[in-house]
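Engineer: Attaching a predicted model along with its sequence, questions to come.
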Amino acid sequence: MPGAAPPTDRPAPVGVDPTRASIARVYDAFLGGKDNYEIDRETFRRVKSVAPEAQDLAVENRNFLIRACRFIANQTGITQFLDCGSGLPTAENTHQVVQRVNPDIRVVYVDNDPVVLAHGRALLEENDNTHFVAADIFNPREVIENAVVRKHIDFTEPVALLQLGTLHHYNGPRERPAEIMREYVEALPSGSFVAISHFSDPEDELSALARKMEDVFLHSPMGSGTFRTQTEIEELFPGLEMVQPGVVLCADWWPDGPRIKELNSAQRTISGGIGRKP
Ligand code: SAM
């Protein structure tokens, strides 16, 4: 209706602070979702002011999640997925993608965001093979030793471990994410697969843009978003055999068809890959 007031944000669920930005809700804003508040959209607007196509970074990440999950479910015979940093429910969630291939696949989601805990959990725990755990994904022990994880993930059988769009939100020492992944990989049996996507520095004329986006993310209300080089992202797969084509732009990892348009700058700042534990 012309002149109508913009929609107001829904009241925050108990335990959710709408004055503090959250990674899950900022990502939801990037994906065009409705589960976000003004403080989250502020981060989105700030990033868009330096990278107008920034939403495509999130879209490519999510499309990579869908293709990576479909690949692992279809081709490896793995029947248990540990999805670290589930995010808020959206159109194609991990369990929907993989259980379409095999309804017996078990999925355990892990997240620590209050909104994901408050109402995402109910939507993600849709059936008996889908479970949700509240834990810190940057503390591998806490995740691996969690009772619900132990109940539904058998660490003597191959596991698919997902760290999609998560590790760039770690705010401590720059080398720690590689150690975190080493701890996860040590806990996995041979034949397990690990999928990672991460903000990337293209190390070409777009490096300056990646640095600018990083600066905006780090100084935004959300306060996280580190861009890594190709070598740094490869270090997140310690001792793993990379599935071809290795770590590449998410958009270039087994795309659904031929490219008819050149990638924009935002699409060139998110990379991903899948490794197999020998
Ligand atoms: N994996 C999904 C994807 O790729 O579409 C969602 C990615 S979203 C950008 C990152 C998610 O990681 C958010 O839901 C956030 O709450 C979660 N996350 C960030 N830090 C976390 C932590 N320390 N422990 C648990 N979850 C965390």
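Structural biologist: Nice, I can see it.
Engineer: How about the contacts made by the spatially closest residue to Ser224 that is not a sequence neighbour?
Structural biologist: In this structure, Ser224 finds its nearest non-sequential neighbour in His169, 4.2 Å apart by C-beta to C-beta, 6 or more residues apart in numbering. C-beta here means a position set from N, CA and C on the backbone, and glycine is covered the same way. Going by C-beta atoms under 8 Å, 6 or more residues apart in numbering, His169 touches 23, 85, 224-226.
Engineer: overlap between these and the residues near the ligand?
Structural biologist: 23, 85 (C-beta under 6 Å from any ligand atom).
Engineer: give the contact list for the residue lying closest to Glu142 once chain neighbours are set aside.
Structural biologist: Nearest non-adjacent residue to Glu142, counting by C-beta to C-beta, 6+ apart: Ala135, 5.0 Å away. Ala135 makes contact with 110, 112, 142-143, 146, 149, according to C-beta under 8 Å, 6+ apart.
Engineer: Output the residues you listed in a markdown table; the columns should cover pLDDT, secondary structure and neighbour count.
Structural biologist: Converted to a markdown table, the contacts of Ala135 look like this (pLDDT from 0 to 100; DSSP: H, G, I helix; E, B strand; the rest coil; neighbours: other C-beta atoms under 10 Å):
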| residue | pLDDT | secondary structure | neighbour count |
| --- | --- | --- | --- |
| Val110 | 97 | strand | 24 |
| Asn112 | 96 | coil | 18 |
| Glu142 | 98 | helix | 15 |
| Val143 | 98 | helix | 22 |
| Asn146 | 98 | coil | 17 |
| Val149 | 98 | helix | 18 |
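Engineer: Out of these, which is nearest to Glu125?
Structural biologist: Checking those against Glu125 by C-beta to C-beta gives Val110 as the nearest, at 12.5 Å.
Engineer: pretty sure that closest one contacts Gly87?
Structural biologist: No - applying C-beta atoms under 8 Å, one finds Val110 not in contact with Gly87, separated by 11.0 Å.
Engineer: Where does pLDDT dip in the chain?
Structural biologist: Residues of the chain that meet the criterion pLDDT under 70 lie in 1-8.
Engineer: now the helices for the stretch 151-278 of the chain?
Structural biologist: 176-187, 207-218, 230-234 (DSSP state H, counting those that start in this stretch).
Engineer: How about the shortest one, which residues are buried there?
Structural biologist: Residues of helix 230-234 classed as buried by neighbour count (16 or more other C-beta atoms under 10 Å): 230, 232-234.
Engineer: And for stretch 79-96?
Structural biologist: 79-90, 93-96.
Engineer: near the ligand, which residues of the stretch 51-200 of the chain show up?
Structural biologist: Counting by C-beta under 6 Å from any ligand atom, the stretch 51-200 of the chain sits next to the ligand at 61-62, 65, 85-87, 110-113, 116, 136-138, 164-166, 169.
Engineer: again, only this time at 5 Å
Structural biologist: For the stretch 51-200 of the chain, the residues in contact with the ligand (C-beta under 5 Å from any ligand atom) are 62, 65, 85, 87, 111-113, 136-138, 164-166, 169.
Engineer: ok, so of these, who is nearest Gly275?
Structural biologist: Distances from Gly275 to these, taken by C-beta to C-beta, are shortest for Leu164, at 13.6 Å.
Engineer: count of residues packed around that closest one?
Structural biologist: 23 (other C-beta atoms under 10 Å).
Engineer: Repeat that for Glu205.
Structural biologist: Counted with other C-beta under 10 Å, Glu205 comes out at 8.
Engineer: Give me the nearest residue to Val50, chain neighbours excluded.
Structural biologist: Using C-beta to C-beta, 6+ apart, the nearest residue to Val50 is Lys212, at 4.7 Å.
Engineer: rewinding a little: so which pair among the residues of the stretch 51-200 of the chain next to the ligand is furthest apart in space?
Structural biologist: Taking C-beta to C-beta, no two of these sit farther apart than Arg62 and Asp136, at 22.9 Å.
Engineer: quick one, which of those two is more surrounded?
Structural biologist: Arg62 (20 against 13).
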